[in-house]
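A.B. asks: output the structure for:
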Amino acid sequence: MAETEARDCPFSGAGAGSGTGAGAAVDVSALGDTVHEQNARLREAGPATRVTLPQGVEAWVIPHYATLRDLLADPRVGKHPSHWSALAEGRVPADWPMINFVVVPGLLTSDGADHRRLRNLLGQAFTPRRVEELRPRVESLVSGLLDRLAEHPAGEVVDLRPEFCMPLPIQVICELTGLPRDRWDRMHELSNGIVGAGAGPDRPDMATVQRDAFALLAELVELRTREPGDDLTSALIAAREADGSRLSPQELVGTLLQLLVAGHETTINLMGNAIRALLAHPGQLALLRSGEASWPAVTEETQRWDSPVNHFPLRYALEDIEIGGTLIRKGEAVLASYASAGRDEREYGESGAVFDLARPAFRHLSFGHGPHFCIGAPLARLETEVALEGLFTRFPGLRPAGGDDLPRRPGLVSNAVTELPVFLTA
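C.D. replies: Sure, this is the predicted structure:
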């Protein structure tokens, strides 16, 4: 995995758009030193900016809310890698850091009838009703994590990211898919290798990451074929056996990989970003304590204000598309800039950069939009809301133990810090 600190711009050698109105060339390698400063410059550059990703791979960044919303639902944009000219022409290295976002078959990389088929199979496990049935289990897990946090001596610095934000989403998604307990840590390690894609000399080989992840999940499929249980993997295997054309072995393993990665990485980031936002805005926390704001409002405003996903790869133009006078040609790749869209001044006015739980409406795109709207959104919301309410109720004097310059997760995709040190006060 190629890694750079997220405070360093992960792009290099950006150029102007190819159509009229694209403006002067933009060197995004010279942008600000935080994610949101970088994104503000991208919004200033225009509705579509051509950038160079690690290893010279080119794409377009779409940073504005309305433009991105329309593009996500545009039938002229697809997700299947066969649409990407650079990949078909051999211009994408086999060890490209984000290759697993592109070539793994499954829900996130399918279009049309194939996508609807996979989504219908999975959707039964993520309906609001089915997710609500998980509430007692989520509440039990949160209670156990809070008990363990309470065991720390008074005055000790506690890092909430590994001790609170990580365990809950990992356990929930692994239990949901039936992954054995002794494989959870390895799955999280491989997931970090996929999501932390950036550019740097110490990255693991992405072909190895993919091979190991596929091998682990092939073992899971073999196990649940022999020993079916009350889990999503067993249900998907049964659906495949009932109609072999519905889910190929490659789709099964690829979809499980996508579910396991997306099912915990983004929720870890969401929980951490929400905790940081509340600690940095005591007035907003007071609204929660007085009942003037709700815990669901925290989840939605955090998704908008500090999205757990910065730039999500990739979509492809199925034909030439003009965006604000800039031409994106057929076969070119597009990054969905969720964190940028959440602070777009054109959509939210001057208050876009303000964390405000009293907003009349919490519009955001961080769960996506259109056919690929996040299928796990109800589960992410449930986990985050239960966890946040439990944490701030159990430790009402919770306060940060670090400054504003906490180290950030590397790469293009994640928007989160690597640690979340706090003092716990009951």
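A.B. asks: any idea how far Thr267 is from Gln124?
C.D. replies: 20 Å (CB to CB, to the nearest Å). For every residue, glycine as well, the C-beta is placed using N, CA and C.
A.B. asks: looking at those two, which has the bigger crowd around it?
C.D. replies: Thr267 (26 against 11; other CB atoms under 10 Å).
A.B. asks: average pLDDT for the helix or strand hosting the more buried one, rounded please.
C.D. replies: In the assignment (DSSP states H and E), Thr267 maps to helix 265-280. Averaging pLDDT along helix 265-280 gives 96.
A.B. asks: which element follows it toward the C-terminus?
C.D. replies: helix 282-290.
A.B. asks: which elements pack onto that next one?
C.D. replies: With contacts taken as 3 or more CB pairs under 8 Å, 6 or more residues apart in numbering; DSSP states H and E, helix 282-290 sits against helix 265-280.
A.B. asks: from the chain's centre, how far out does the helix it packs on sit?
C.D. replies: Mean-position distance between helix 265-280 and its chain equals 12 Å (CA atoms, centre = their mean, to the nearest Å).
A.B. asks: what does stretch 42-61 give?
C.D. replies: With CA atoms, centre = their mean, you get 19 Å for stretch 42-61.
A.B. asks: check stretch 53-62 too.
C.D. replies: Worked out by CA atoms, centre = their mean, stretch 53-62 lies 18 Å from the chain centre.
A.B. asks: quick one: terminal-to-terminal distance for it?
C.D. replies: End-to-end distance for stretch 53-62, by CA to CA, to the nearest Å: 14 Å.
A.B. asks: how about low-confidence regions in the protein?
C.D. replies: 1-33, 196-204, 244-245 (pLDDT under 70).
A.B. asks: now the strands for it?
C.D. replies: For the chain, the strands defined by DSSP state E cover 12-15, 49-52, 58-62, 77-78, 157-159, 311-317, 321-323, 326-328, 333-337, 399-400, 421-423.
A.B. asks: out of these, which is closest to Arg363?
C.D. replies: strand 333-337 (15.8 Å; CB to CB).
A.B. asks: coming back round to it: how big is the angle separating the helix holding Thr267 from helix 282-290?
C.D. replies: 100 degrees (axes from the mean of the first three to the mean of the last three CA atoms, to 10 degrees).
A.B. asks: next, the buried residues of helix 265-280.
C.D. replies: Residues of helix 265-280 classed as buried by neighbour count (16 or more other CB atoms under 10 Å): 265-279.
A.B. asks: give me the number of residues near the closest residue to Leu122 other than its chain neighbours?
C.D. replies: Distance criterion CB to CB, 6 or more residues apart in numbering; nearest residue to Leu122, sequence neighbours excluded, is Ile375 at 5.8 Å. By other CB under 10 Å, 22 other residues sit near Ile375.
A.B. asks: in contact with Ile375, which residues?
C.D. replies: Going by CB atoms under 8 Å, 6 or more residues apart in numbering, Ile375 touches Leu107, Arg119, Leu122, Gly123, Phe126.
A.B. asks: equivalent analysis for Gln258, please.
C.D. replies: Val104, Gly106, Leu107, Leu108.
A.B. asks: same check, this time on Leu420
C.D. replies: Asp159, Leu160, Arg161, Cys165, Gly272, Ile275, Arg276, Gly402, Leu406.
A.B. asks: same list (these) but as JSON lines, adding distance to Gly144.
C.D. replies: Output for the contacts of Leu420, formatted as JSON lines (distance: CB to CB, whole Å):
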{"residue": "Asp159", "distance to Gly144": "18"}
{"residue": "Leu160", "distance to Gly144": "15"}
{"residue": "Arg161", "distance to Gly144": "17"}
{"residue": "Cys165", "distance to Gly144": "15"}
{"residue": "Gly272", "distance to Gly144": "19"}
{"residue": "Ile275", "distance to Gly144": "18"}
{"residue": "Arg276", "distance to Gly144": "23"}
{"residue": "Gly402", "distance to Gly144": "25"}
{"residue": "Leu406", "distance to Gly144": "26"}
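A.B. asks: among these, which two are most distant?
C.D. replies: Cys165 and Gly402 (14.6 Å).
A.B. asks: higher neighbour count, the two?
C.D. replies: Higher neighbour count among Cys165 and Gly402: Cys165, with 27 against 15, using other CB under 10 Å.
A.B. asks: circling back to that earlier point, give me the buried entries from the contacts of Ile375.
C.D. replies: By 16+ other CB under 10 Å, the contacts of Ile375 give Leu107, Arg119, Leu122, Phe126 as buried.
A.B. asks: hmm, the last one is touching Ala380, no?
C.D. replies: So that's Phe126. No. Counting by CB atoms under 8 Å, Phe126 does not reach Ala380; the two are 10.0 Å apart.
A.B. asks: all helices of the stretch 51-200 of the chain, in order?
C.D. replies: Taking DSSP state H, counting those that start in this stretch as the test, the helices found in the stretch 51-200 of the chain are 65-72, 85-88, 100-103, 112-123, 128-132, 135-150, 160, 167-177, 184-195.
A.B. asks: what about the helices in the stretch 301-426 of the chain?
C.D. replies: Using DSSP H, counting those that start in this stretch, helices in the stretch 301-426 of the chain cover 338-341, 345-348, 377-394.
A.B. asks: could those be laid out in a markdown table, adding distance to Leu179 and mean neighbour count?
C.D. replies: Formatted as a markdown table, the helices of the stretch 301-426 of the chain follow (distance: least, CB to CB, whole Å; neighbours: other CB atoms under 10 Å):
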| stretch | distance to Leu179 | mean neighbour count |
| --- | --- | --- |
| helix 338-341 | 27 | 28 |
| helix 345-348 | 39 | 16 |
| helix 377-394 | 16 | 21 |
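A.B. asks: okay, the closest residue in space to Leu335 that isn't next to it in sequence and Ile275: tell me how far apart.
C.D. replies: For Leu335, ignoring the flanking residues on the chain, the nearest one in space by CB to CB, 6+ apart is His311 at 4.3 Å. In this view, His311 and Ile275 are 23 Å apart by CB to CB.
A.B. asks: for Arg69, same thing?
C.D. replies: On the measure of CB to CB, Arg69 and Ile275 end up 28 Å apart.
A.B. asks: can you check Pro180 too?
C.D. replies: Pro180 is 30 Å from Ile275, by CB to CB.
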